[in-house]
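S.K.: Quick one, fold the following:
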Amino acid sequence: MKRQRLLGLVVVATLATVAPAWSASAAPVVKNLIVTPAVRHSIFVALAAFHQLPTKDYVKLAPGMTYYALDVTTKTYYAASGVVPSSKSLQAQVGAQDDGGYQLLTRAENATKWKIYDDGLGGAEGAKCPITIPPAVLAVWGWTQKCAPPGL
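M.R.: This is a model prediction of the structure:
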């Protein structure tokens, strides 16, 4: 019985030392959001239009490379993704290579259209990011670079 109490005290003490410094009522500045089917579709359509090709020239958004967040302070949505070209569209395949393969998107909370920035070179040494992504957005996405997801 004494051993169980002692273990309970150790656990409580450990939890107290790792508790966050902010209060439970503090709202996050950035929310990492789930890419719903509607959001996925809006990004997909916007990226196809950005490449000046019909959506039929693409299959889907790049698997594991799509990110979406809301900066609550500025009321701005941020997204990042690429599109997978159809094997039937040589133009889409060429356009999705190298520096045309990844885009950053922003949208005001009350807007319906995405503003798109080409970021195919985002992870390359010396490349400049076409926009400044807030550090809090980078943090919720787990990005270590200013302009590209891990692995890009």
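
S.K.: need the helices for the protein, in chain order.
M.R.: Counting by DSSP state H, residue ranges of the helices within the chain are 2-18, 37-50, 90-95, 135-141.

S.K.: Where does pLDDT dip in the chain?
M.R.: Counting by pLDDT under 70, the chain contains low-confidence residues at 1-28, 98-100, 120-127, 151-152.

S.K.: Pick out the residue nearest the middle of it.
M.R.: residue 67 (2.3 Å; C-alpha atoms, centre = their mean).

S.K.: any idea how far stretch 65-83 is from the chain center?
M.R.: For stretch 65-83, the separation from the chain centroid amounts to 5 Å (computed by C-alpha atoms, centre = their mean, to the nearest Å).

S.K.: And stretch 29-48, end to end?
M.R.: Looking at stretch 29-48, the gap from its leading to its trailing residue is 31 Å under the measure C-alpha to C-alpha, to the nearest Å.

S.K.: In it, which residues are buried?
M.R.: Along stretch 29-48, the positions that meet the burial threshold by neighbour count (16 or more other C-beta atoms under 10 Å) are 29-30, 35, 40, 42-44, 46-48. The C-beta positions use only the backbone N, C-alpha and C, and glycine is treated the same way.

S.K.: neighbours around the nearest residue to residue 110 once chain neighbours are set aside, how many?
M.R.: The spatially closest residue to residue 110, leaving aside those adjacent along the chain, is residue 75, at 7.7 Å (C-beta to C-beta, 6 or more residues apart in numbering). Using other C-beta atoms under 10 Å, residue 75 has 11 neighbouring residues.

S.K.: wouldn't residue 75 be in contact with residue 109 here?
M.R.: Yes: the pair formed by residue 75 and residue 109 meets the contact definition of C-beta atoms under 8 Å, at 3.9 Å.
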